[in-house]
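Q: Predicted model follows, preceded by the sequence.
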Amino acid sequence: MKISVIIPMYNEELIVKDAICALDAGLSEYFGSGEYEMIFVSDGSKDSCMQIALDMIESHPALTVLGYENNRGKGCAVRTGMLEAKGDFVLFTDCDLAYGVDIISDFYNEFLKSRSGIVIGSRALKGGGYDGYTFIRKVMSKVYLKFVCVMAGFDLSDSQCGIKGFSNEAAKAIFSRCEADGFEFDLEAIMIGEKMGYTISEIPVRIINHRQSKINPVKDSIKMIKQVRRIKKRVKRGA
């Protein structure tokens, strides 16, 4: 199997059906039948999104639906999917398909070309990456990303972009060591991946489906600072 796509979801009953249909159609067109899987993981959702997804399995054979009772965070949902994935390349993105479906083939092609263990989307590599952002949100995002990179010791242009891919080997090795359940989970994954010696590539992306962010800029920035310190100590100990 060429690729697995992981979709974490929390109370997404309004969009999950359209997401499954759009993702299945796009992946089928590019990869062909039997060469891809879609893993939707409910993070303790309280609405009917998991049942909606389960009801679509018969008509979408590439679909797998996982979940657990209590809400733990996006990191837990992504980790659950990553550890179950069978594809040579494993990618996660959000249920709203913010970066579209066509971009997934670009990630896969970069993986084949570079053989990188980790492929990260970046809104900063090409003009238009921040189209649709307000001026204030754009400035805050760039300042925040720079601060996170300094704190974590990265030299990446967009470490917090919401679409990332891993070789199957890297996905299993990295996420089996991850502990973060919150929004800091991908930062932890990158730090562990770097520690383990996996190479990282970045490709340009832009958001084409905007919706209101669930992140509180001030509250979550303070939380992220604390989490980066904790993650750095754990990775340094040889997580």
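A: Great, that's in hand.
Q: next structured bit after whichever strand or helix holds Cys21?
A: Assigned by DSSP states H and E, Cys21 falls within helix 16-31. Once the chain leaves helix 16-31, the next helix or strand it forms, by DSSP H and E, is strand 36-43.
Q: I'd like to know which elements that following strand is packed against.
A: Here strand 36-43 touches strand 3-9, helix 16-31, helix 49-54, strand 63-68, helix 74-84, going by 3 or more CB pairs under 8 Å, 6 or more residues apart in numbering; DSSP states H and E. No exception for glycine: its C-beta is placed from N, CA and C like everyone else's.
Q: any chance you could map the strands in this protein?
A: Assigned by DSSP state E, the strands in the chain fall at 3-9, 36-43, 63-68, 89-92, 118-122, 164-167, 200-204.
Q: returning to what we had before: what's the closest of the helices and strands packed on strand 36-43 to Gly100?
A: Smallest distance to Gly100 across the helices and strands packed on strand 36-43 (CB to CB): 8.3 Å, for helix 16-31.
Q: Using CSV, write out every CA atom in that closest one.
A: As requested, the backbone C-alpha atoms of helix 16-31 are provided in CSV (Å, rounded to 0.1, in the frame of the first residue of the first chain):
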residue,chain,number,x,y,z
VAL,A,16,-17.1,14.4,8.1
LYS,A,17,-19.3,13.0,5.3
ASP,A,18,-18.1,15.5,2.7
ALA,A,19,-14.5,15.0,3.9
ILE,A,20,-14.7,11.2,3.4
CYS,A,21,-16.2,11.6,-0.1
ALA,A,22,-13.7,14.2,-1.2
LEU,A,23,-10.7,12.4,0.2
ASP,A,24,-11.7,9.1,-1.2
ALA,A,25,-12.3,10.6,-4.7
GLY,A,26,-9.0,12.4,-4.7
LEU,A,27,-6.9,9.5,-3.5
SER,A,28,-8.6,7.1,-5.8
GLU,A,29,-7.8,9.3,-8.8
TYR,A,30,-4.1,9.6,-8.0
PHE,A,31,-3.2,6.3,-6.3
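Q: Lowest mean pLDDT among the helices and strands of this protein, which one is it?
A: Lowest by mean pLDDT, DSSP states H and E among the helices and strands of the chain is helix 135-152, with a mean of 62.
Q: if I pick Cys21, what's in contact with it?
A: Neighbour list for Cys21: His60 [criterion: CB atoms under 8 Å, 6 or more residues apart in numbering].
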